[in-house]
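> Give the three-dimensional model of this entry:
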Amino acid sequence: MRVLVIGAAGRTGRLVVERALAHGHDVTGLVHHTPLEMAHPRLTVASGDALAFDDASAAVAGHDAVVVTVGGGRGALHEPVVANVVHAMAEHGIRKLAVLSAAGTFARQDPNLSLALRVMISVAMRSTYDDLEGMERRVMASDLDWTIVRPVGLTDDPAAGDYRISRDGSLLPKATRISRADVAGMLLKAIETQTYRRAAVVIGN
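Sure, this is the predicted structure:
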């Protein structure tokens with residue numbers, strides 16, 4: 001399978017690239033400001049800004065699946081990037097999409113979230129969650145074979161392979177943070193199988 005990873009130089013995106021290559025896929029890593037210092041015979045590194053539709057469309061063309069792992073460092077980022085990606089995928093006839101979001105999206109005051117996280121979402125992360133919810137609406141309104149992955153916080157620990165998921169978007173009771181490596185594995189499962197087709201998956205320990 002030919003896989004495009006948008007945000008490939010990020011901490012989670014890089015792990016998606018590594019896992020996809022290990023599974024035998026041909027991978028294109030789209031990067032903007034940060035270089036992807038990785039070399040592999042089946043890896044192509046492309047430079048572009050997914051906030052620009054022409055760049056997003058050129059990157060999407062010729063692939064079988066797209067994984068979006070962009071971060072929120074430049075303000076509202078998730079929704080406009082995914083809007084371009086969804087449009088480009090429709091134009092190029094590509095159906096498989098997996099996007100990284102966050103637990104608490106559309107459930108900001110759910111008691112299954114820690115009190116500290118609920119306060120943070122209400123104050124410091126309010127605009128980020130507005131952006132994430134806008135992104136998810138774009139994804140869900142499309143007719144693509146999409147999966148949204150919502151981790152309960154992220155760590156840089158090695159993959160454990162032992163975690164809990166909710167396939168209907170509901171929060172996991174007493175969940176704790178999960179490694180980026182395990183999240184990368186879930187994003188890859190989303191495009192390799194039909195198990196999580198058109199599902200918002202919450203993942204945590």
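> how about the helices of the chain, start to end?
Listed in chain order, the helices found in the chain under DSSP state H are 11-22, 53-60, 78-92, 115-122, 126-141, 180-192.
> Which residue is the nearest non-sequential neighbour of the residue nearest the centre of the chain?
When the chain is reduced to its mean C-alpha position, the closest residue under Cα atoms, centre = their mean turns out to be L100, at 2.2 Å. Leaving out its chain neighbours, the residue that sits closest to L100 by Cβ to Cβ, 6 or more residues apart in numbering is T69, at 4.6 Å. All C-beta atoms are positioned from the backbone trio N, CA, C, and that covers glycine.
> A58 too?
By the measure of Cβ to Cβ, 6+ apart, the closest residue to A58 outside its immediate chain neighbours is G48, 6.7 Å from it.
> Point to the helix or strand of the chain where mean pLDDT is at its lowest.
Taking mean pLDDT, DSSP states H and E as the measure, the helix or strand of the chain with the lowest value is helix 115-122, at a mean of 86.
> Give me the residues contacting that helix.
Outside of helix 115-122, the residues within contact range by Cβ atoms under 8 Å, 6 or more residues apart in numbering are G104, R108, Q109, D110, L113, Y129, G153.
> Tell me how many other residues crowd the nearest residue to the third one once chain neighbours are set aside.
This means Q109. Nearest in space to Q109, with sequence neighbours left out and distances taken as Cβ to Cβ, 6+ apart, is R118 at 5.7 Å. Neighbour count for R118, taken as other Cβ atoms under 10 Å: 17.
> Give me the distance between R118 and L132.
The span separating R118 from L132 equals 15 Å under the rule Cβ to Cβ, to the nearest Å.
> Same question for I203.
Relative to L132, and taking Cβ to Cβ, I203 is found at 15 Å.
> Ok, L30 next?
Taking Cβ to Cβ as the measure, L30 and L132 are separated by 20 Å.
> so how far does stretch 90-103 reach from one end to the other?
Distance between the boundary residues of stretch 90-103 (Cα to Cα, to the nearest Å) amounts to 27 Å.
> thinking W146 is in contact with A98, fair?
Yes. Look at W146 against A98 with Cβ atoms under 8 Å: they come within range, at 7.2 Å.
> ok, how many other residues are close to S122?
By other Cβ under 10 Å, the residues close to S122 number 12.
> Same check on A56?
If we define neighbours as other Cβ under 10 Å, then A56 has 27 of them.
> Give the closest residue to it in space, chain neighbours not counted.
For A56, the spatially nearest residue (Cβ to Cβ, 6+ apart) is N84, at 3.9 Å.
> what does V31 give?
The spatially closest residue to V31, leaving aside those adjacent along the chain, is A9, at 4.5 Å (Cβ to Cβ, 6+ apart).
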